[in-house]
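Engineer: just coords:
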Ligand code: TRP
Ligand code: SF4
């Protein structure tokens, strides 16, 4: 119905680093030129864990937006906005909460994990339990088809699909739906109507997924249909229901994983991160002092790249011949660690140069960022309001 729309968000809980860049942002940048993309700052999600100290959220929000722009997110291609400026997300979250079984939320793996991992915070709250439901609202409100996320977030997207399905099941009934749908079929014209009915039967009676896809593609191309008839026909394909919310797919980031300087996950709180816009001298110093294979005590000791975090940086940053040079040189003690690190330093500095350049105008004049976000908020809000009209109507709330 809204082919290819992409929605994703990030929590503003601290500054962005190269782990975020290689793990997620690079993928966003690729998608923005291929599909309509909405990228947002999930500031309410940040509050679910930082409700007792919200002071960092505002600054992190603006810093993060500058980081996105510096990394190459292009506001003329993607829509950038801030979650809390679109109150419809909260309304949808509330309405979805009515019919969301508690067990679904308690069973999401990140729920218990996070409570254990962030033991210094009290996460036994209503808001934190609802985290994935708010996330579902973030995506369903734009009827997105794809959600680029890391693998830890896949269960959240699975739950969104269940939420959408349940919503359509509960509220997708429309009086006289069957007749209205059949009228809409007629409007396709006799040839396409016949094909539609055949494909619908093939899907419903034989579970032929290809037939479903073909029928959907046909509907996408059918120019003469009104929005509402189109929605009916999409719903009628899969059952006798109107589809109000669309089930999104997780789009796994085929990301290169860049660990932190000490080999653990890169994270500001571990003190092992390189900021997205770190300056050149700091990058050089951080890589120079980064730990190496602990077995390589002396320059003459051979090393093993698999045991060395520097090698993981070469995997991300170096070409084949350089990687071979590292492998051979390390194992034979032919090269020293400082020597080995230099190509990594050079590659990071080179990667970051255009980022510093792109960030500069926004640092000089922060009102530029405000203006980009104001436009994005407005565009996103329009889309969200369209969906909410349908949602309210389906739930019997369009009186008054
Ligand atoms: N939970 C996501 C994360 O921690 C952030 C997020 C919030 C999000 N809402 C979303 C991601 C909607 C994708 C879609 O990374
Ligand atoms: Fe690590 Fe390179 Fe030193 Fe080997 S030579 S231990 S890969 S830094």
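Structural biologist: Structure's in. What do you need? Being a predicted model, the structure only gives us computed values, none of them experimental. Ligands and ions are numbered 1, 2, ... in the order given.
Engineer: need the three-state assignment for the residue in the stretch 251-400 of the chain that ligand 1 sits nearest to.
Structural biologist: Here the stretch 251-400 of the chain gets closest to ligand 1 at one residue, residue 251, 10.1 Å apart by CB to the nearest ligand atom. For the C-beta atoms, the positions are set from N, CA and C on the backbone; glycine is no exception. For residue 251, the assignment made with DSSP: H, G, I helix; E, B strand; the rest coil gives strand.
Engineer: residue 141 against residue 90, yeah?
Structural biologist: No. Under the criterion of CB atoms under 8 Å, residue 141 makes no contact with residue 90, lying 10.2 Å away.
Engineer: so between those two, which is more surrounded?
Structural biologist: residue 141 (26 against 14; other CB atoms under 10 Å).
Engineer: so how far is residue 230 from that one?
Structural biologist: 19 Å (CB to CB, to the nearest Å).
Engineer: and if you look at residue 245?
Structural biologist: 15 Å.
Engineer: quick one: which of the two has more around it?
Structural biologist: Higher neighbour count among residue 245 and residue 230: residue 245, with 27 against 16, using other CB under 10 Å.
Engineer: and the pLDDT at that one?
Structural biologist: Looking at residue 245, its pLDDT is 95.
Engineer: contact partners for it?
Structural biologist: 140, 143, 163-164, 167-168, 387, 391 (CB atoms under 8 Å, 6 or more residues apart in numbering).
Engineer: before we move on, back to that, quick one: the residue of the stretch 251-400 of the chain closest to ligand 1 from residue 142, how far?
Structural biologist: Taken as CB to CB, the span from residue 251 to residue 142 is 15 Å.
Engineer: next one: residue 173
Structural biologist: Counting by CB to CB, the gap from residue 173 to residue 142 is 24 Å.
Engineer: do residue 193 as well
Structural biologist: From residue 193 to residue 142 the distance is 31 Å (CB to CB).
Engineer: hmm, back to that, who has more neighbours, residue 251 and residue 142?
Structural biologist: Neighbours of residue 251 and residue 142, each counted by other CB under 10 Å, are more numerous for residue 142; the result is 24 against 17.
Engineer: out of everything not next to it in sequence, what's closest to that one?
Structural biologist: residue 7 (5.0 Å; CB to CB, 6 or more residues apart in numbering).
Engineer: does that neighbour count as helix, strand or coil?
Structural biologist: What three-state DSSP gives for residue 7 is strand.
Engineer: point out the residues in the stretch 101-250 of the chain that sit beside ligand 1.
Structural biologist: Residues of the stretch 101-250 of the chain that fall close to ligand 1, judged by CB under 6 Å from any ligand atom: 135, 138-139, 147, 149, 153.
Engineer: where's residue 278 relative to residue 261, distance?
Structural biologist: Noted for residue 278: a distance of 11 Å to residue 261, by CB to CB.
Engineer: joint contacts of these two?
Structural biologist: In contact with both residue 278 and residue 261: residue 286, using CB under 8 Å, 6+ apart.
Engineer: which residue does the stretch 201-350 of the chain have closest to ligand 1?
Structural biologist: For the stretch 201-350 of the chain, CB to the nearest ligand atom, closest residue to ligand 1: residue 248, 8.7 Å.
Engineer: quick one, what contacts that residue?
Structural biologist: So residue 248 contacts 7, 139-140, 144-147, 157, 160-161, 164 (CB under 8 Å, 6+ apart).
Engineer: same thing but 7 Å
Structural biologist: 139, 144-147, 157, 160-161 (CB atoms under 7 Å, 6 or more residues apart in numbering).
Engineer: in CSV, list the residues you listed along with secondary structure and pLDDT.
Structural biologist: Putting the contacts of residue 248 into CSV (DSSP: H, G, I helix; E, B strand; the rest coil; pLDDT from 0 to 100) gives the following:
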residue, secondary structure, pLDDT
139, helix, 98
144, coil, 96
145, coil, 94
146, strand, 95
147, strand, 96
157, helix, 96
160, helix, 96
161, helix, 95
